[in-house]
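Novice: The following comprises the amino acid sequence and a computationally predicted model.
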Amino acid sequence: MTDIDELPVAGNGLLDRRIFLRAGVAVSAAFLTAKATAVEREKWMSIPGEGMSGSGAPSAHESHIARAPIRSQPGTTGSGASWTPLQFLDGIITPSRLHFERHHSGIPDIDPDRHRLIIHGLVERPLSFSLDTLARYPTVSRIQFLECSGNSRASMAPEPVQGNCGQLHGLVSASEWGGVPLSVLLDEAGIKPEGKWILADGADAAIMSRSVPLDKVMDDAIVALYQNGERLRPSNGYPMRLFLPGWEGNMSVKWLRTIKVLDQPAMTRDETSKYSDLQADGVSTLFSFPMGVKSVITSPSPELTMSGPGIYQVSGIAWSGAGSITRVEVSADGGQSWADAALDEHVLSKSLTRFRSAWHWDGGAAIIMSRATDEDGNIQPTRTVVLEGRSPAAWYHCNGIQAWQVGADGEVANVYA
Amino acid sequence: MLVTLVISTAAAEESPNLGQALDAETIARVDYAVLPNGDGLPEGSGTAVSGATVYRQNCMACHGEGGKEGINDRLVGGHDSLASERSVKTVGSFWPYATTIFDYLRRAMPYQTPGTLSNDELYAVTAYLLYINGIIGERDIIDAESLPRVEMPNREGFVWDYAPE
């Protein structure tokens, strides 16, 4: 067999990922040895287990895997966010119960029989749709990410904020979203020639609203009814939400109630005073819709302590609002050298892509980082580049390269490198 | 085979046409949209004088006396701070359109009891916020006519990233 040290692909111990396949061969060989010891069984193997149930739940041993932190504006419980614990997850689908939350006035308790989606404004025929009606329409279903525009805001801080991967970057999740193309409903209503934008309102207590250009709406917007195969969770817009693939999460209005076709954006509070980008010169950018190409290593990452030198899988997620991820590179020497990571089978447009590398950690201090490239050739920028020309108060669209400092003690920390 | 595929794709894009027609009154009940040109603003009016009272009773607990030092968003001041290291974004220093104030208040405020203020009260609080930011006078009447004409200090402070096709 080839010695593992003969397979480096980049500096400081990054290995060809096929090393894992070779290790598998060695394990298989070990099973060929005959056993003389008597068989045993654990206590849970000694009685029949629990019966079937109508609805499942995670193992009790996994109860600590939860969204964290949960933050709300002073004096409120539902005007804030909760973060997906990325460091505990694998694959590309975020379990619905762990999908990040960002609400502006709590989660409404909507009676699906009373709820209506109303399309009006610059249309030939204003229309109303019940949930049952929409369920009869042809449905499309896609696995795609949703990222809050304010994700990774901590990376704006002058000194690295210490926290786990979810706390720092967990305002991104991915689901299989199923629903009715909004273009079908708008075509049924008949858009008048002067219609250029829509205004989407939610049925929450803040009647959260965003303006969306009609070309995006007609391209790939859906009225989502399903998330990961089941009806939307209340925290994700039950019974229906707007879903705009690849664009800043705030625009995918939850609890969708009205769509008004307009000839201009409405300039709502959330698209002017909140989700705009203040530059250092005092001018702000409006309508910065797509989320930039981005990646983060989820393991190793802070709070997942390394247990001594040896071979580790370096795993993470990459995504881009422009389309598919074409490449993820990983460095184990602070960006001096890079090697391509392997991408998992499901490389989908505007979705999370799982990447994996093999790393022989020698037990010394090291800085690991990842860098994604998308199908348009956009390369994930460094944090320094992201910050150029920004006001210190501009915290949206932070997609800089994340570096983790691995200490000789095995602890992992956030670092600017 | 190819023909079959084409037909099924076309069928998937067809609408079952199940939407129910709506009358103007039903639409008016759900139409919260207010545009910068004043489209969508309702009847009613108010001044900062009456707005001060509405503010004390409904807003001050969270936003503080005179729109500052509350537990939630500061609503006053920060003028000419946007290009500094310590920018302060408020209704007065940052918001580009006065119509957005009325729109947001009608949708979302007061936080604990949204939908409870009358249109006169909403116009009055809007006037009060504009007044404490030095944008209008204390007795200026704010209504559907005057609100779109209010010039916000940061009106020219925005550029679009999105370019229409």
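Specialist: Arrived safely, thanks for sending. Numbers count the residues shown, from 1 in each chain, chains lettered A, B, ... in the order given.

Novice: Need phi/psi at the residue of the stretch 201-350 of chain A found nearest chain B.
Specialist: Closest residue of the stretch 201-350 of chain A to chain B, Cβ to the nearest Cβ: A:Gly282 (3.2 Å). Backbone N, C-alpha and C define where each C-beta goes, glycine included. Dihedral pair for A:Gly282: phi 90, psi -10, per degrees, to the nearest 10.

Novice: From what I see, A:Met208 and A:Leu199 are in contact.
Specialist: No: in this structure, A:Met208 is not within contact of A:Leu199 by Cβ atoms under 8 Å, at 11.2 Å.

Novice: Give me the more crowded residue out of these two.
Specialist: A:Leu199 (27 against 24; other Cβ atoms under 10 Å in any protein chain shown).

Novice: and the lengthiest helix in chain B, what other elements does it pack with?
Specialist: Using DSSP state H to define each element, chain B has its longest helix at helix B:119-132. Judged by 3 or more Cβ pairs under 8 Å, 6 or more residues apart in numbering or on different chains; DSSP states H and E, helix B:119-132 is in contact with strand B:45-46, helix B:48-58, helix B:99-108, strand B:142-143.

Novice: what is the rounded mean pLDDT of it?
Specialist: Helix B:119-132 shows a mean pLDDT of 98.

Novice: what's the spacing between it and its chain's center?
Specialist: Centroid displacement of helix B:119-132 relative to its chain, using Cα atoms, centre = their mean, to the nearest Å, is 12 Å.

Novice: just the angle between that helix and helix B:99-108, please?
Specialist: If you take axes from the mean of the first three to the mean of the last three Cα atoms, to 10 degrees, helix B:119-132 sits at 130 degrees to helix B:99-108.

Novice: now helix B:119-132 against helix B:48-58, angle please.
Specialist: Going by the same axes, to 10 degrees, helix B:119-132 makes 100 degrees with helix B:48-58.

Novice: Could I have the CA atoms of helix B:119-132 written out in PDB?
Specialist: Only the C-alpha atoms of helix B:119-132 are listed here, as PDB (Å, rounded to 0.1, in the frame of the first residue of the first chain):
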ATOM      1  CA  ASN B 119     -55.300  57.000  10.000                       C
ATOM      2  CA  ASP B 120     -55.300  60.400  11.700                       C
ATOM      3  CA  GLU B 121     -53.100  59.000  14.500                       C
ATOM      4  CA  LEU B 122     -50.800  57.400  11.900                       C
ATOM      5  CA  TYR B 123     -50.400  60.700  10.100                       C
ATOM      6  CA  ALA B 124     -49.900  62.500  13.400                       C
ATOM      7  CA  VAL B 125     -47.000  60.200  14.500                       C
ATOM      8  CA  THR B 126     -45.500  60.500  11.000                       C
ATOM      9  CA  ALA B 127     -45.600  64.300  11.400                       C
ATOM     10  CA  TYR B 128     -44.100  64.000  14.800                       C
ATOM     11  CA  LEU B 129     -41.200  61.900  13.600                       C
ATOM     12  CA  LEU B 130     -40.500  64.300  10.800                       C
ATOM     13  CA  TYR B 131     -40.800  67.300  13.200                       C
ATOM     14  CA  ILE B 132     -38.300  66.000  15.800                       C
END
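
Novice: pLDDT-wise, which helix or strand of chain A ranks last?
Specialist: One helix or strand of chain A scores below all others by mean pLDDT, DSSP states H and E: helix A:19-30, with a mean of 57.

Novice: Need the pLDDT of A:Trp319.
Specialist: At A:Trp319, pLDDT is 98.

Novice: Now do it: how many residues are near it, please.
Specialist: Quick note: A:Trp319 (other Cβ under 10 Å) scores 29 neighbours.

Novice: With the one 3 residues further on instead?
Specialist: One way to gauge burial is a neighbour count; for A:Ala322, by other Cβ under 10 Å, it gives 18.

Novice: I'd like the mean pLDDT over the next helix or strand after the least confident helix or strand of chain A, please.
Specialist: Sequence order places strand A:70-72 as the next helix or strand after helix A:19-30, per DSSP states H and E. Averaging pLDDT along strand A:70-72 yields 96.

Novice: Strand A:70-72 packs against which elements?
Specialist: Helices and strands touching strand A:70-72, by 3+ Cβ pairs under 8 Å, 6+ apart, are strand A:80-82.

Novice: contacts for the strand it packs on?
Specialist: Outside strand A:80-82, the residues that touch it by Cβ atoms under 8 Å, 6 or more residues apart in numbering or on different chains are A:67-73, A:100-103, A:148, A:150, A:171.

Novice: and A:Val217, helix, strand or coil?
Specialist: Using DSSP: H, G, I helix; E, B strand; the rest coil, the structure places A:Val217 in helix.

Novice: Tell me the spacing between it and B:Gly115.
Specialist: From A:Val217 across to B:Gly115, the span is 28 Å (Cβ to Cβ, to the nearest Å).

Novice: and if you look at B:Ala52?
Specialist: 22 Å.

Novice: Which one's more surrounded, the two?
Specialist: More crowded of B:Ala52 and B:Gly115, by other Cβ under 10 Å: B:Ala52, with 19 against 11.

Novice: ok so, going back, okay but the residue of the stretch 201-350 of chain A closest to chain B is in contact with B:Leu82, surely?
Specialist: Yes: using Cβ under 8 Å, A:Gly282 is in contact with B:Leu82, at 3.8 Å.

Novice: Run a quick neighbour tally on whatever residue of the stretch 101-250 of chain A ends up closest to chain B.
Specialist: Nearest residue of the stretch 101-250 of chain A to chain B (Cβ to the nearest Cβ) works out as A:Leu127 at 3.1 Å. By the measure other Cβ under 10 Å, the count of residues near A:Leu127 is 24.

Novice: Repeat that for B:Gly77.
Specialist: The number of residues packed near B:Gly77 is 17, by other Cβ under 10 Å.

Novice: Check the secondary structure at it for me.
Specialist: Once three-state DSSP is applied, B:Gly77 turns out coil.

Novice: Next, the buried residues of stretch B:17-32.
Specialist: Neighbour-count burial for stretch B:17-32 flags B:18-19, B:22, B:26-27, B:30-32 (criterion: 16 or more other Cβ atoms under 10 Å in any protein chain shown).

Novice: Take the residues you listed and keep only those in strands.
Specialist: Judged by DSSP state E, those include no members of strands.
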